[in-house]
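Asks: What shape does this take:
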Amino acid sequence: MLIDKPLSIDTIFKYERPLEQIKNILNVAKELMDANTGGSVTIAVTGDWGSGKTTILKGMESFFRDLCSFPVVFFEVWKYHKEKNPLVPLILQIRDSLSLKASIKGKLTRIAKPLSVIGLNLADLVLKLSTQDKLSVGGVMTIFKEVEDIQENLKSRYKDNIEALRGTIGDLIKNYDPDVNKDQPYRTSWQELEKEKGNLAWRSSEKKIFVLLIDDLDRLVPKKAFAVIEELRFYFDIDNVLIVMGVNDRILNGYVEKYYGITKEDHHLIHNRGEKFIDKIFHWNFEIPFSMSEAIHLRSLETHLEERELEALKILLQAIDHLPHRRWVKLVNRIEKKCSLAFSNDIYEIVFAAFLKELFPDFELFSRRFPLITSALYNLFAGEVFHFLDFTKRIKDQDYSEGLPEEVVSAVKIILDDKTYLDLPERNIITFHSRIRGKKEEV
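Replies: Numbering: from 1, shown residues only. Predicted structure coming up:
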């Protein structure tokens, strides 16, 4: 079975697709950093849930850490979703996860402290104001004066903190000295890859940088993710800093449009305002497309299937439109489970059942009430006289002659209407049907 987790670094090195994606981002990042005249460079790695954003970020972490010996921090922001200021755990992680001099660690601690208490004094005053039964006008004015003083003090400390952070990150970059034996476990793997494919762009760079990788913005509510992006972009706008964030742009775009009050009626006036926001705050956006089934998705099935069956499986899966990586993992796991449970000796029936139940969730629920419906549909699909185009046309025309079972008619209707994972369900069904018929005729 495949585990629905980011690919390990070892697995990344075995397959071309993730390596090519990482290499493309690295090349553009290098060009942007070389062309940059000041401040940070920010890059978005965008894609749907399960598209492989974390895998790419993990690969970049290994590259910058193991091959380039740059200071790099991988920050899983969702773990701190309850923090009022996620900058605090981020700064503390920078302090604790890198091999830093004691003086730099001390500076980072001092920077984090004011951020963690911002708002506490104000909260105490508000609590005091709200819990007093009787408070004179003079007392209220005194509290308001204290609030004003605290606000001015916080503004000053905030400005000082930004300058302190910029200076400290600059010192960190300049003086960073990693423990090669401890901190660079995949150095040899990257070096061997270089021998095979030639030097990667960053190896020729003489400029050391600090790399900040922000993962799992997906798991935050959109409002929180929006705030984190803005905070990081502002607070870490520091020379020689590269920030790469994994972003579900579809979710974030929806929030941006809501934030700016854009309705469906406004779209003819302001097109894709959310996408323009992404373009504005990131210097470059690498979009992870959906993919066809690949060897990386089928590796766990090699022990269950004979070579002939594996080839038949590949041909069937190629009939399916592009999907995100996670959906392929789920589909292949269904196939493997059915193989393990001896669901059928017919590989075509196994794949057909997994295809319907994984990619058409409404049908999956329907099949629980009619356990034999999947086999009934497969028998129709594999039958010599069955033509799916004619069948769907009759259903659309509500022509239920020739005694079509009601549950079969209902099942096909459900499948054709379910666009959860496939935008063109009818095309996928027709192509899948033709592949099943074609392979069976060969046999």
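
Asks: Centre-most residue in this protein?
Replies: Central residue of the chain (CA atoms, centre = their mean): K53, 4.0 Å from the mean position.

Asks: what's the residue nearest to that residue when sequence neighbours are not counted sitting at in phi/psi?
Replies: Once flanking residues are discounted, K53 sits nearest to G246: 3.6 Å by CB to CB, 6 or more residues apart in numbering. For the C-beta atoms, the positions are set from N, CA and C on the backbone; glycine is no exception. Dihedral angles phi and psi of G246 (degrees, to the nearest 10) take the values phi -90, psi 120.

Asks: Hmm, M60 and G246 touching each other?
Replies: No - G246 lies out of contact with M60 (CB atoms under 8 Å); the separation is 10.4 Å.

Asks: tally of neighbours for the residue nearest to K53?
Replies: The number of residues packed near G246 is 24, by other CB atoms under 10 Å.

Asks: Kindly report the same for N85.
Replies: Count around N85 with other CB under 10 Å applied: 19.

Asks: Determine the number of other residues adjacent to the nearest residue to it once chain neighbours are set aside.
Replies: What sits nearest to N85 in space, not counting adjacent residues and going by CB to CB, 6+ apart, is L115, at 5.3 Å. For L115, the tally of surrounding residues (other CB under 10 Å) stands at 20.

Asks: how far away is L115 from L217?
Replies: 20 Å (CB to CB, to the nearest Å).

Asks: mind checking pLDDT for G198?
Replies: Predicted confidence (pLDDT) for G198: 74.

Asks: isn't W78 right up against A225?
Replies: No - counting by CB under 8 Å, W78 sits too far from A225 to count as a contact (9.2 Å).

Asks: These two: which is more packed in?
Replies: A225 (24 against 16).

Asks: Which residue ranges of the stretch 51-200 of the chain form helices?
Replies: Along the stretch 51-200 of the chain, counting by DSSP state H, counting those that start in this stretch, helices occupy 53-62, 87-97, 102-117, 120-131, 137-175, 180-183, 187-197.

Asks: how far does stretch 283-292 stretch from start to finish?
Replies: 29 Å (CA to CA, to the nearest Å).

Asks: Now do that stretch: everything it contacts.
Replies: The contact list for stretch 283-292 (CB atoms under 8 Å, 6 or more residues apart in numbering) reads 17, 21, 24-25, 28-29, 32, 41-48, 51-53, 56, 249, 278-279, 317-318, 320-325, 328.

Asks: which parts of it are buried?
Replies: Buried residues in stretch 283-292, counted by 16 or more other CB atoms under 10 Å: 283-286, 288, 291.

Asks: Likewise for stretch 241-254?
Replies: Within stretch 241-254, the residues scored as buried using 16+ other CB under 10 Å are 241-249, 251-253.

Asks: can the residues you listed go into TSV with extra columns for distance to Y348 and pLDDT?
Replies: Shown next, in TSV, are the buried residues of stretch 241-254 (distance: CB to CB, whole Å; pLDDT from 0 to 100):
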residue	distance to Y348	pLDDT
V241	54	96
L242	49	96
I243	48	96
V244	43	96
M245	43	93
G246	38	92
V247	39	87
N248	35	85
D249	38	80
I251	37	74
L252	41	72
N253	40	70
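
Asks: Could you tell me which of the contacts of stretch 283-292 count as buried?
Replies: The neighbour count (16+ other CB under 10 Å) marks 21, 25, 28-29, 41-48, 51-53, 56, 249, 278, 317, 320, 323-325, 328 as buried among the contacts of stretch 283-292.

Asks: out of the residues you listed, which are inside strands?
Replies: Those of these mapping onto strands are 41-46, per DSSP state E.

Asks: Mind listing the residues bridging to L323?
Replies: S291 (DSSP bridges).

Asks: what does the helix or strand hosting L365 contact?
Replies: Per DSSP states H and E: L365 is located in helix 361-369. The contact list for helix 361-369 (CB under 8 Å, 6+ apart) reads 356-358, 373-374, 410-411, 414-415, 417-418, 420-421.

Asks: Which one (most neighbours) among the residues you listed?
Replies: Going by other CB under 10 Å, L356 tops the contacts of helix 361-369 with 24 neighbours.

Asks: pLDDT value on the nearest residue to that residue once chain neighbours are set aside, please?
Replies: For L356, ignoring the flanking residues on the chain, the nearest one in space by CB to CB, 6+ apart is F363 at 5.5 Å. F363 carries a pLDDT score of 96 in this model.

Asks: Repeat that for I94.
Replies: Reading off the model, I94 has pLDDT 93.

Asks: Let me see the contact set for the nearest residue to it once chain neighbours are set aside.
Replies: Once flanking residues are discounted, I94 sits nearest to V73: 5.3 Å by CB to CB, 6+ apart. Shown in contact with V73 (CB under 8 Å, 6+ apart): 90, 93-94, 97-98, 211-213.
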